[in-house]
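>>> Sequence and computational prediction follow.
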Amino acid sequence: MENSNFFAIEKELKLDEGYQKTYKNVDELLPTLLRSKGWWLDQLLQYQGFWLSTYGIRGSMLIDDHFNPRPTDIIVATSPKCGTTWLRALVFSIINRNSFDFSDHPLRKANPRDLVHFLEAHIRGDGSTASIDGLPSPRLLSTHLPYSLFPECMTDDTSACRFVYICRDPKDVLVSKWHFANKLRPKGVPPLSLEEAFDLFCKGVSHYGPFWDHVLGYWKASLESPKKVLCLKYEDVKKEPLGCVRKVANFLGVPFTPEEENKEIVEEIVKLCSFENMSNQDVNKSDTRSQEKPISNSDFFRKGEVGDWVNHLSPQMSEILDQITEQKFQGTGFSFH
Ligand SMILES: Nc1ncnc2c1ncn2[C@@H]1O[C@H](COP(=O)(O)OS(=O)(=O)O)[C@@H](OP(=O)(O)O)[C@H]1O
């Protein structure tokens, strides 16, 4: 059983642009294809303590082997459905605020995923990083990978590259993931019930999960290296967007000047990146599905609210998730409340 799954990985990686390094840490690659449920369970494997698709594993290996970080690199890091789209937009507009007019801003014409490259997708199997090598500094990149999977040259104190991380109440994450999984479900694949999704999520089985371990990796790093890692919560950004935008700018070493404050640039950024504005841009409303991009821009926008879980989870489900969250975060200083 183990071998057949290794062959599957080997085949997939070899097929992918001739990437020759087929696996490492063999003992940690535990096969688990429960049953095909489209996006949620499609070939999730346990790799170094996390549930990743072969795409994620490949990305992690390629970063290890070929990525040359620059000291000025900024990495927007998230567990899926925690606010990736929002944070990409916010950080992009913070660091480029002097380059564009807000009325004719790139975010009015492009989805954030086209402005902030997904790091693990931009290292080719042959080791080429041409598509991100050409980006001007500071490079803004995005990732879903857990902190512990990054090489030391990015995480140790001698490297100056920084991570801005956002996380979100797991109850809202679960609901958002479940909607997304069913929306992207290939034809013929039966829908994933909320009960099944809940059960798997609680066991830690979801892309880049266990969710709690993902959060803790970045949280602990932010305590140990506060100049390197900034942790935000989706709920805080919703509640105090202006304060959070200032916090990110300070962290990145580009605080708003009194003149910018007078011109209400922070307010402009918050407005531009708001759910209401972004989800109503034509570029995010039209169907942008293609062979290279099977996920449409509009799929990244649903409700954009805090607490939508109450419309989906039973009181018992909510209680169980709260208990797991409490247990996992006990003694860490982290909480969602
Ligand atoms: N601008 C803005 N402001 C607030 N919230 C936003 C914004 N853009 C996207 N969203 C909501 O974020 C959820 C999608 O998460 P991600 O962007 O992390 O998805 S992904 O991991 O990149 O697929 C998804 O949450 P749910 O609505 O709860 O499903 C989106 O609606």
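Everything's here; your move. Residues are numbered from 1 along each chain as shown.
>>> and Leu230, backbone torsions?
Note on Leu230: its backbone torsions stand at phi -110, psi 130 [degrees, to the nearest 10].
>>> Give me the next element, helix or strand, following the helix-or-strand element of the chain with minimal mean pLDDT.
Lowest by mean pLDDT, DSSP states H and E among the helices and strands of the chain is helix 2-15, with a mean of 38. Next along the chain after helix 2-15, taking DSSP states H and E as the criterion, comes strand 45-47.
>>> From the chain's centroid, how far away is that following strand?
18 Å (CA atoms, centre = their mean, to the nearest Å).
>>> Which neighbouring elements make contact with it?
In this structure, strand 45-47 packs against strand 50-52, helix 54-66, with contacts taken as 3 or more CB pairs under 8 Å, 6 or more residues apart in numbering; DSSP states H and E. Heads up, the C-betas are built off the backbone N, CA and C, glycines and all.
>>> Buried residues, the shortest one. List them.
It stands for strand 50-52. Neighbour-count burial for strand 50-52, counted by 16 or more other CB atoms under 10 Å, picks out Phe50, Trp51, Leu52.
>>> still on that earlier bit, right, so the helices and strands packed on strand 45-47: which one is the most enclosed?
Among those, strand 50-52 has the highest mean neighbour count (mean count of other CB atoms under 10 Å), at a mean of 25.
>>> List the neighbours of that one that are in contact with it.
Strand 50-52 is contacted from outside by 32, 44-46, 60, 146, 149, 204-210, 213-214, using CB atoms under 8 Å, 6 or more residues apart in numbering.
>>> ok, and the most crowded of these?
Tallying neighbours with other CB atoms under 10 Å puts His214 at the head of the contacts of strand 50-52, with 28 neighbours.
>>> Need the nearest residue in space to it, chain neighbours excluded.
Distances taken as CB to CB, 6 or more residues apart in numbering place Ser79 nearest to His214, at 4.4 Å, with adjacent residues excluded.
>>> Run a quick neighbour tally on the one you found.
Per other CB under 10 Å, the neighbour tally for Ser79 reads 30.
>>> near the ligand, which residues of the stretch 151-300 of the chain show up?
The stretch 151-300 of the chain comes close to the ligand at residues Asp172, Ser176, His179, Cys273, Ser274, Phe275, Met278, Phe300, as judged by CB under 6 Å from any ligand atom.
>>> ok, which pair from those is furthest apart?
Spanning the widest gap among those are His179 and Cys273, at 21.5 Å by CB to CB.
>>> more crowded one of those two?
Neighbour comparison, His179 and Cys273: the larger count goes to Cys273, with 25 against 18 (by other CB under 10 Å).
>>> How much space separates the more buried one from Gly83?
11 Å (CB to CB, to the nearest Å).
>>> just Ser335 next, same as before
Distance of Ser335 to Gly83, given as CB to CB: 18 Å.
>>> Give me the neighbour count for the nearest residue to Ala197 once chain neighbours are set aside.
Spatial nearest neighbour of Ala197, chain neighbours left out: Trp178 (4.3 Å); criterion: CB to CB, 6+ apart. Residues near Trp178, counting by other CB under 10 Å, number 24.
>>> From here on, call the first residue 464.
Sure, I'll start counting at 464 from here, so that last one is Trp641.
>>> what comes up buried for whatever helix or strand Trp641 lives in?
Using DSSP H and E, Trp641 sits in helix 633-646. Using 16+ other CB under 10 Å as the test for burial, helix 633-646 gives 633-645.
>>> quick one on the thing from earlier: does the residue nearest to His677 really touch Cys630, like I thought?
Yes. Contact between Ser542 and Cys630 holds when scored by CB atoms under 8 Å: they sit 6.4 Å apart.
>>> Overlap in contacts, those two.
His677, Val678.
>>> And stretch 626-635, how far out from the chain middle?
Between the centre of stretch 626-635 and the centre of its host chain there is 9 Å, according to CA atoms, centre = their mean.
>>> pull the CA atoms of it into CSV?
Presented in CSV, the C-alpha positions along stretch 626-635 are these (Å, rounded to 0.1, in the frame of the first residue of the first chain):
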residue,chain,number,x,y,z
PHE,A,626,6.0,36.8,6.9
VAL,A,627,2.6,38.4,7.3
TYR,A,628,0.2,35.8,8.5
ILE,A,629,-3.6,35.9,8.9
CYS,A,630,-5.8,33.3,10.6
ARG,A,631,-9.5,33.0,11.3
ASP,A,632,-11.9,31.4,13.7
PRO,A,633,-11.9,27.7,12.6
LYS,A,634,-15.7,27.5,12.6
ASP,A,635,-15.8,30.1,9.8
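>>> Pull the contacting residues for the residue in the stretch 564-713 of the chain positioned nearest to the ligand.
Proximity of the stretch 564-713 of the chain to the ligand (CB to the nearest ligand atom) peaks at Ser639, 3.3 Å away. Going by CB under 8 Å, 6+ apart, Ser639 touches Lys544, Arg765, Asp771.
>>> State the distance from the first one to the ligand.
Taking CB to the nearest ligand atom, to the nearest Å as the measure, Lys544 and the ligand are separated by 4 Å.
>>> Would you list the phi and psi of that residue?
For Lys544, the backbone dihedrals are phi 80, psi 20 (criterion: degrees, to the nearest 10).
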